[in-house]
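Undergrad: Model the following, please.
(chains A and B)
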Amino acid sequence: MDQPAIEGLYRQYGHLVLGRARRLVGEEQAADALQEVFVRVVRGYESFRRDASPVTWLYRITTNYCLNLLRDTTRSERRVGEQPLVMTGETGLGGDLEPGSPVHDDSLPERRLMLAHIVAHVSEELWEIAVYHHVDAMSHEEIARTMGVSRRTIGNRLKEFQCQALALLQLPSEIVA
Amino acid sequence: MPGPRSAPAPLGDRGVRTDGEHLSDLALERWVAGELANDAGAPAHHHLARCAECQARLRHRSEARSTFARRADLAALAEATWRRAGRAPSSRRRRLLALGAVTAVAGVAVAIPTLLSPRSGERLDGLRAKGSLALELFVRHPDGAVTSMAPDGAVAGGDQLRFRVVTPREGFVAIVSVDGAGQVSSYLPAAGSLPAVGAGAHLLDGAVELDDVLGRERLLAFLCAEPLDGATVREGVRAALKEARGDPTQLDSSLARLPCTFTSFRFRKVPRS
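TA: Numbering: from 1, shown residues only, chains lettered A, B, ... in the order given. Predicted coordinates for the structure are as follows:
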């Protein structure tokens, strides 16, 4: 790919990647995440171009990159927030101030730390599914189509994630909505 | 701007969020990108026609796209990305390299020599291992094009894979495959003891030509403290797969019994278009 073509990709999809990265890893790391994701797009351009939904392809790459960043950050810093994290169906990590979105949440840094703690200890597939469900409020059907697996698999994985997350957070099950 | 070769994937249950009332962020982004302009987007179109909140969210995303394109230094971003991506192997760096013996991996693929090789052990500025093992895949297509594969990327029978690992310390490496049919195969080594590597980036000898079995495949790269036999690692994966009742996504806890750290890479084998 040449630079003008890459510039065109940024023009079309840059906002999507940057916005998602901000939501998952915060402003400080989002700019670097933006470039890293597009490096992957350029290197894997054949796969990107062949995919039925480049947006979904980018969404997943960005999600996985950011969650790996959280995991690596957690392992190096080994910090866990003291505030308990309640995983609900709301888009609890906040993000863009857009119509219909939650008001900016002061507990966001602690929530990110708790998410990072969980991310560090569960498998990639589980936390990817968990983010789509608990952060993005995607339905089981949409998650299944996004990841190319069955809806039943998504249901099973979410149950498994809940068990592992509860064990990691040491929260009584009745706290989780 | 190149678009997808095939029709956009349908929206499923309209991409409706778990609260049952609104479109998901992903669905809105696909709308902004024009992926839902045909019949597949009819459910979203119907919802947007009657939901003021989703209309507002759609406007916000469209504005975000315009704002980014207007304010970001796209040329600088593109140049920086081009430079970083350009450190990956490309056809311009291809040179003849005599490799080890051809080895057959029964029932799955055939390992063959490849013409592609950067310097072994080179440091990668664009790849951050951050103290953990990393696996990168390169694909040589039948038309000769060489690309780096992204996670969950698509490949087809006849494509050739080559592996590069980034290791945080010295050790012994292995690569094992679990395909959609539950078959476990050793890609590296095909036989014998695990090869030794130092800390850093290593393009591993040999390549694998994919067969025509379709579906998802999970590659597991191991970095072991001991020079295990390849069969030991392969049997360890088989045992873990059995404990996971045949689910390749649930191996991780059982694999911890091997004296190795590991990372994985998933991809899809699709029909050649």
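Undergrad: Now the phi/psi pair for the residue of the stretch 151-273 of chain B found nearest chain A, please.
TA: Closest to chain A within the stretch 151-273 of chain B is residue B:153: 3.5 Å, counting by C-beta to the nearest C-beta. C-beta: built from backbone N, CA, C; applies to glycine. Taking degrees, to the nearest 10, you get phi -70, psi 170 for the backbone angles of residue B:153.
Undergrad: Residue A:3 now?
TA: Note on residue A:3: backbone dihedrals following degrees, to the nearest 10 are phi -60, psi -40.
Undergrad: One more: residue B:149?
TA: Main-chain torsions, residue B:149, degrees, to the nearest 10: phi -90, psi 130.
Undergrad: What count of nearby residues applies to it?
TA: By the other C-beta atoms under 10 Å in any protein chain shown criterion, the neighbourhood of residue B:149 contains 21 residues.
Undergrad: Quick check: it vs residue B:264, distance?
TA: Taking C-beta to C-beta, to the nearest Å as the measure, residue B:149 falls 13 Å from residue B:264.
Undergrad: sec struct for the nearest residue to residue B:149 once chain neighbours are set aside, please.
TA: Nearest non-adjacent residue to residue B:149, counting by C-beta to C-beta, 6 or more residues apart in numbering or on different chains: residue B:137, 4.2 Å away. Following DSSP: H, G, I helix; E, B strand; the rest coil, residue B:137 is assigned to strand.
Undergrad: Model confidence for residue B:137, exactly?
TA: Note for residue B:137: predicted pLDDT of 85.
Undergrad: I'd say it and residue B:152 touch.
TA: No. Counting by C-beta atoms under 8 Å, residue B:137 stays clear of residue B:152, with 11.4 Å between them.
Undergrad: any shared contact partners between those two?
TA: Common neighbours of residue B:137 and residue B:152, counting by C-beta atoms under 8 Å, 6 or more residues apart in numbering or on different chains, are residue B:267.
Undergrad: measure residue B:133 to residue B:33 for me?
TA: Residue B:133 is 34 Å from residue B:33, by C-beta to C-beta.
Undergrad: what sits against the residue of the stretch 151-273 of chain B closest to chain A?
TA: Residue B:153 neighbours (C-beta under 8 Å, 6+ apart): A:44, A:47, B:137, B:139, B:267, B:268.
Undergrad: Buried ones only from the residues you listed, please, as a PyMOL command.
TA: Command for PyMOL, covering only those of those found buried under the criterion 16 or more other C-beta atoms under 10 Å in any protein chain shown:
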select buried, (chain A and resi 44+47) or (chain B and resi 137+139+267+268)
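Undergrad: Serialize the contacts of residue B:153 to CSV and add fields for distance to residue B:78.
TA: Output for the contacts of residue B:153, formatted as CSV (distance: C-beta to C-beta, whole Å):
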residue, distance to residue B:78
A:44, 17
A:47, 20
B:137, 25
B:139, 24
B:267, 27
B:268, 28
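Undergrad: Closest to residue A:154 out of the contacts of residue B:153?
TA: Nearest to residue A:154 among the contacts of residue B:153 is residue B:268, at 17.4 Å by C-beta to C-beta.
Undergrad: Give me the three-state assignment for that closest one.
TA: Going by three-state DSSP: residue B:268 is strand.
Undergrad: is it in a bridge, and if so with what?
TA: Beta bridges link residue B:268 to residue B:154, residue B:216, judged by DSSP bridges.
Undergrad: For it, give its distance to residue A:41.
TA: In terms of C-beta to C-beta, residue B:268 sits 17 Å off from residue A:41.
Undergrad: and if you look at residue A:123?
TA: Distance from residue A:123 to residue A:41, by C-beta to C-beta: 25 Å.
Undergrad: out of the two, which sits in the busier spot?
TA: residue A:41 (25 against 18).
Undergrad: For the more buried one, give me its contacts.
TA: By C-beta under 8 Å, 6+ apart, the neighbours of residue A:41 are A:9, A:48, A:58, A:61, B:150.
Undergrad: for those residues, which one is nearest residue A:69?
TA: So of the contacts of residue A:41, ranked by how close each gets to residue A:69 (C-beta to C-beta), first place is residue A:61, at 12.5 Å.
Undergrad: which SSE is that closest one in?
TA: helix A:54-77 (DSSP states H and E).
Undergrad: which residues of the stretch 51-200 of chain B score low on pLDDT?
TA: Applying pLDDT under 70 to the stretch 51-200 of chain B flags the ranges B:86-132.
Undergrad: which bits of it sit near chain A?
TA: B:53-54, B:56-57, B:60-61, B:64-65, B:67-69, B:72, B:74-75, B:77-82, B:84-85, B:88, B:126, B:128, B:130-132, B:139, B:141, B:145, B:147-155 (C-beta under 8 Å from any C-beta of the partner chain).
Undergrad: Am I right that residue B:152 is in contact with residue B:270?
TA: No. Using C-beta under 8 Å, residue B:152 is not in contact with residue B:270; the gap is 11.5 Å.
Undergrad: Could you check which of those two is surrounded by more residues?
TA: Neighbour count, other C-beta under 10 Å: between residue B:152 and residue B:270, residue B:152 has more, with 20 against 14.
Undergrad: Return the residues in contact with the more buried one.
TA: Residue B:152 makes contacts with A:57, A:60, A:148, B:266, B:267, B:268, as judged by C-beta under 8 Å, 6+ apart.
Undergrad: switch the cut-off to 10 Å
TA: The contact partners of residue B:152, by C-beta atoms under 10 Å, 6 or more residues apart in numbering or on different chains, come to A:44, A:47, A:51, A:57, A:60-61, A:64, A:128, A:147-148, B:216, B:265-268.
Undergrad: ok, those residues vs residue B:223, which is closest?
TA: residue B:265 (14.1 Å).
Undergrad: Could you check how many residues crowd around residue 45?
TA: Because you didn't say which chain, this covers chain A. If we define neighbours as other C-beta under 10 Å, then residue A:45 has 20 of them.
Undergrad: Hmm, no, I was thinking of chain B.
TA: 14.
Undergrad: sec struct for it, please.
TA: Here residue B:45 is recorded as helix under three-state DSSP.
Undergrad: In space, what's closest to it - neighbours in sequence excluded?
TA: The shortest distance from residue B:45 to any non-neighbouring residue, by C-beta to C-beta, 6+ apart, is to residue B:36 (7.4 Å).
Undergrad: how many other residues sit next to residue A:121?
TA: Other residues within reach of residue A:121, judged by other C-beta under 10 Å, total 15.
Undergrad: Sorry, slip of the keys, the one I care about is residue B:49.
TA: 9.
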